[in-house]
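J.: sequence unknown, structure follows:
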């Protein structure tokens, strides 16, 4: 049979043509030589104050601008300049494969990282109107419970509402935040300090996805006099970073936004971004691989408390937290079920791939939040657990202004209801305001380990079996010599002798930890 | 061996943590075995091995071997259902194979030039080949990605076994009588032929183009060979 050579050539060339398409690249530079920097011109006064408070050098080279000559030279080979990143000394451009080879030959180019434009939505949460339920007593009760479980009333009665704390929110859009009654007080007092849409490079952020509106309401919204989140007195920086269907731009936007938040004096960043399988493998979730994790850690070094959702992959193949929730200086927030008070099915599990505890703490994974119609409705996602804790952190920081960001991070962990017990579904549990006000935690024994020759029995004291003030949940785990948990469980307690553990060689030198109603105890197997 | 050791340890830890016998009938609400989760996976969209089903639909295009247009474009189509295996050699290169079931339907144009399979004019006439196909391909991935198929180009060759065929035609006999005839086991078909193909893939969506390299009809019948190209789309079920 005669081969149609022209058509065959098209068949072969078509794929080749397709890979010479426009791509997104990060071009990293070797140095910041000849760059001048005046922190007093660049930073907001709050950012200067934070640096002074945390003994951070005002002339840190990471804050210096990227060399203009380098940028201009690379622009000659680029089709468009997407962004400039001071912290990591790179610019993001679009160009084709041929030109990027030319750029790589420039003497001041350190390395180039290619990003592909194709991809699907990788935001933690899609707001699906079908999943939103209408207002009922159930929703009203949830609204009260979501801050009550954090002991928010204690902050409230002590006058802590996050005043003086500046919170940056990175999200997909903030429709009606400029008109909603839930934020009237914030607007009237001029506490929305700055806004920026990193997707469109303009100030207006009050449109697009309502996800950011709901998130903000969980930090600082008020509905008919009831606080939705705890930091109703805080100041805000609103950044639109997430754009459906463009995850690589989103990541770039996030990197820009974190610099912007630092420059404009953010004390806390709340983000619901989470990158998973589309760009990474499970083993990349070590807090050191992704640039967003590195940026989040750098933000923490500059004195910002970064609060990030653990992710909603708990019931998917991915299962574990995404990045930047994997970063060690990021307070990663898991979700619990408001009905059962333990892990909500979709909340991503820890640990990080290098075995660190994540999530750090948790809050409700199903919350009541404000909608575009100024109604209160029920929504799900760790995206909403995170802002509840960001609001909590603002109040805790206001109450303890002497703490730096990482001290506050540790104190929030210590305040949580399971502490010092932890596992990879709940972290240290739900933070409690009482800890920040009187530092007292009940440590009354509620159970005991009964050690026999070849078994250990966990026995609940009878008075704590009938006490229904807290859920009858026993948390227990097996921890190895390196401190990592190998197995953990949550058990519904219905009788005194809850669990029997048979001792054999596999348990040698391991520790069994258990927590029940505020009391944690451990036993080492010899 | 390491995986087996981890699984065995995990199993032992599970059985020593007893709370489901009669005297310990507490409800376990959550249980996570971290050891099991830390076993390095080798099966996944961008891991060592991956296998998935796919569905494809396309159209037959091009001229026949006598540079004539003897089929009706748009109505001459290909349906495919198959399973694709991929073995990853590097982040940019994989090899693999597919096994698929295909139906090629050639809707014959009814005009005076018609010679396949005869020159008789019908109201509608279709030649259908049912084949099993096995292919080998090279996959070139591009772009950074995680455990995700991502963007790719496949170049491959496949062999096709036409295990059966059918000649279908419909005639209007007048007085409202429609005759539908189907003849199986046509002898002018070659039982085996082979193709070159290329795919451009964007994760689940694949654009495919196939070129038949060998004759479809036996040469002794002197039939013009059917157009060699098929273009279409596949959807990866993964």
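T.: Thanks, I have the structure now. All values reported here derive from a predicted model rather than from experimental measurement. Numbers count the residues shown, from 1 in each chain, chains lettered A, B, ... in the order given.
J.: what's around residue B:205, how many residues?
T.: Neighbour count for residue B:205, taken as other Cβ atoms under 10 Å in any protein chain shown: 11. (C-beta placed from N, C-alpha, C; glycine too.)
J.: whether stretch A:490-508 contacts chain B - can you check?
T.: Yes. Stretch A:490-508 reaches chain B (Cβ under 8 Å from any Cβ of the partner chain) through A:490-495, A:497-504, A:506-507.
J.: which residue packs closest to residue A:79, ignoring adjacent ones?
T.: Of all residues not flanking residue A:79 in the chain, residue A:94 sits nearest, at 5.0 Å (Cβ to Cβ, 6 or more residues apart in numbering or on different chains).
J.: give me the element the one you found is part of.
T.: Using DSSP states H and E, residue A:94 maps to strand A:90-95.
J.: and that strand, how far out from the chain middle?
T.: Distance of strand A:90-95 from its chain centroid, counting by Cα atoms, centre = their mean, to the nearest Å, is 26 Å.
J.: does residue A:351 belong to a helix, a strand or coil?
T.: Applying DSSP: H, G, I helix; E, B strand; the rest coil to residue A:351 yields a three-state assignment of coil.
J.: so it is in contact with residue A:484, correct?
T.: Yes. Under the criterion of Cβ atoms under 8 Å, residue A:351 makes contact with residue A:484 at 7.1 Å.
J.: more neighbours: which of the two?
T.: Legend: neighbour count by other Cβ under 10 Å for residue A:351 and residue A:484, higher for residue A:351 (22 against 16).
J.: distance check, the more buried one against residue A:212.
T.: Separation of residue A:351 from residue A:212 (Cβ to Cβ, to the nearest Å) stands at 29 Å.
J.: related to what we said a few turns ago, filter the residues of stretch A:490-508 next to chain B down to the buried ones and hand me the ChimeraX line.
T.: To isolate the buried members of these in ChimeraX, using 16 or more other Cβ atoms under 10 Å in any protein chain shown:
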select /A:490,491,493,498,499,500,501,503,506,507
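J.: show me which pair in the residues of stretch A:490-508 next to chain B is furthest apart.
T.: Farthest-apart pair in the residues of stretch A:490-508 next to chain B is A:494 and A:506; separation 28.0 Å (Cβ to Cβ).
J.: re earlier: report the beta-bridge partners for the residue nearest to residue A:79.
T.: Listed by DSSP bridges, the beta-bridge partners for residue A:94 are residue A:24, residue A:80.
J.: in chain B, which residue is most central in space?
T.: residue B:82 (3.9 Å; Cα atoms, centre = their mean).
J.: name the SS class of it, please.
T.: Following three-state DSSP, the label given to residue B:82 is strand.
J.: what is the burial count for residue B:145?
T.: Residue B:145: 23 neighbours (other Cβ under 10 Å).
J.: what pLDDT does it get?
T.: On the pLDDT scale, residue B:145 is placed at 81.
J.: I figured it hits residue B:46, correct?
T.: Yes. Using Cβ under 8 Å, residue B:145 is in contact with residue B:46, at 6.1 Å.
J.: so where's the stretch 301-450 of chain A shaky on pLDDT?
T.: Low-confidence segments of the stretch 301-450 of chain A (pLDDT under 70): A:439.
J.: spell out which residues of it are next to chain B.
T.: Residues of the stretch 301-450 of chain A lying near chain B (Cβ under 8 Å from any Cβ): A:317, A:318, A:319, A:320, A:340, A:342, A:343, A:349, A:351, A:423, A:424, A:425.
J.: do you know how far residue B:100 is from chain A?
T.: 19 Å (Cβ to the nearest Cβ, to the nearest Å).
J.: tell me which residue in chain B sits closest to chain A.
T.: As assessed by Cβ to the nearest Cβ, chain A sits closest to residue B:143 within chain B, at 3.0 Å.
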